[in-house]
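Chemist: Next comes the sequence, and after it the predicted model I'd like to discuss.
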Amino acid sequence: MILLVEDDARIASFIAKGLRAEGYSVTVAADAAAALGVTAVHGGDLDLVLLDLGLPDRDGLTVLRSWRDQRLTLPVIILTARDEVSSKVAGLDAGATDYVTKPFSFDELLARIRAALRTADQAVSTELVVGDLRLDLLSKVAWRADQRIELAHREWALLELFMRNPHHVLSRTQILNRVWEYDFDPGSNVVDVYVSYLRRKLNRPGLVPLLHTVRGAGYRLLSGELPTT
Ligand code: CA
């Protein structure tokens, strides 16, 4: 989904219509507050942002900086009438992926969108996804069905290990070696304790449990379907 941040209703409708005709789904925000609201709630569903700089409540660059501070790594193309070099530089320095000045040709905008999406796809992923679970490797924050989950250091390392090996049974010894990284008393129940902390954080009412105990073998993370055994 593309987020279009544009306060000029006529321009917004023209761009949104054009993008939808090309098969993109588009959501429009008419000011900075609405844009920040959309990314806070639907950040994970967004592929790209088109950002006008002259917004009624706040400068678009401020919005862009706060997204980058929040480690929102989406491609952002600035869309503005300001064509001075200094404002392009400021935009790119604030974390913009690209810059298109109005008036622009729609074909050029489409080409820049395609290029930005291609680059984003090729970028080393900073996120692991298993079912409705996401882990941001930069901010070390997890989301389950878009609910934010705060993780302590070991919980995060444990979850990363499970998410890098979904569906695989990991033994206590494997987990100890990978997460605690030194020889731990194999009789210790530290793994079980942390798995239970993690499980409590991942499990949400109405959602399928993800972290399963495999008796006598260890634990495994499934992507949402119930185990058949
Ligand atoms: Ca504007």
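Modeler: Great, that's in hand.

Chemist: Might you report the residue contacts of the residue sitting nearest the centre point of the chain?
Modeler: Centroid-nearest residue in the chain: Gly44, 4.5 Å away (criterion: Cα atoms, centre = their mean). By Cβ atoms under 8 Å, 6 or more residues apart in numbering, Gly44 lies in contact with 134, 143, 146. Bear in mind the C-beta positions are built from the backbone N, C-alpha and C, glycine included.

Chemist: What's the local residue count around the last one?
Modeler: So the one you mean is Asp146. For Asp146, the count of nearby residues is 12 (other Cβ atoms under 10 Å).

Chemist: All the strands of the protein, in order from the start?
Modeler: With strands called from DSSP state E, the chain shows them at 2-5, 26-29, 48-52, 76-80, 98-101, 127-130, 133-136, 141-144, 147-149, 211-214, 218-221.

Chemist: Make CSV from the contacts of Gly44 and add pLDDT to it.
Modeler: Compiled in CSV, the contacts of Gly44 are given as follows (pLDDT from 0 to 100):
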residue, pLDDT
Arg134, 90
Trp143, 90
Asp146, 78
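
Chemist: closest to the ion among those residues?
Modeler: Distance to the ion across the contacts of Gly44 (Cβ to the ion) is lowest for Asp146, with 29.3 Å.

Chemist: wait, which of the strands of the chain is closest to the ion?
Modeler: Set against the ion and scored by Cβ to the ion, the strands of the chain come closest in strand 48-52, at 4.5 Å.

Chemist: Could you give the number of residues near Arg199?
Modeler: Residues lying near Arg199 (other Cβ under 10 Å) number 15.

Chemist: Next one: it relative to the ion, how far apart?
Modeler: Counting by Cβ to the ion, to the nearest Å, the separation of Arg199 from the ion is 48 Å.

Chemist: Contacts only, for that residue.
Modeler: By Cβ under 8 Å, 6+ apart, the contact set of Arg199 is 209, 211.

Chemist: Name the nearest residue to Ile149, sequence neighbours excluded.
Modeler: Ala142 (4.3 Å; Cβ to Cβ, 6 or more residues apart in numbering).

Chemist: re the thing from before, just put the contacts of Gly44 in JSON lines and tack on distance to the ion.
Modeler: Converted to JSON lines, the contacts of Gly44 look like this (distance: Cβ to the ion, whole Å):
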{"residue": "Arg134", "distance to the ion": "32"}
{"residue": "Trp143", "distance to the ion": "32"}
{"residue": "Asp146", "distance to the ion": "29"}
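
Chemist: still on that earlier bit, per-residue pLDDT, the residue nearest to the centre of the chain?
Modeler: At Gly44, the predicted lDDT confidence score is 79.

Chemist: Kindly report the same for Asp59.
Modeler: Asp59 is assigned 92 on the pLDDT scale.

Chemist: What's the separation between Ala40 and Trp143?
Modeler: In this view, Ala40 and Trp143 are 12 Å apart by Cβ to Cβ, to the nearest Å.

Chemist: and the two? which has more neighbours close in?
Modeler: Each of Ala40 and Trp143 has its neighbours counted (other Cβ under 10 Å); Trp143 has more, 17 against 12.

Chemist: With that, I have no additional questions.
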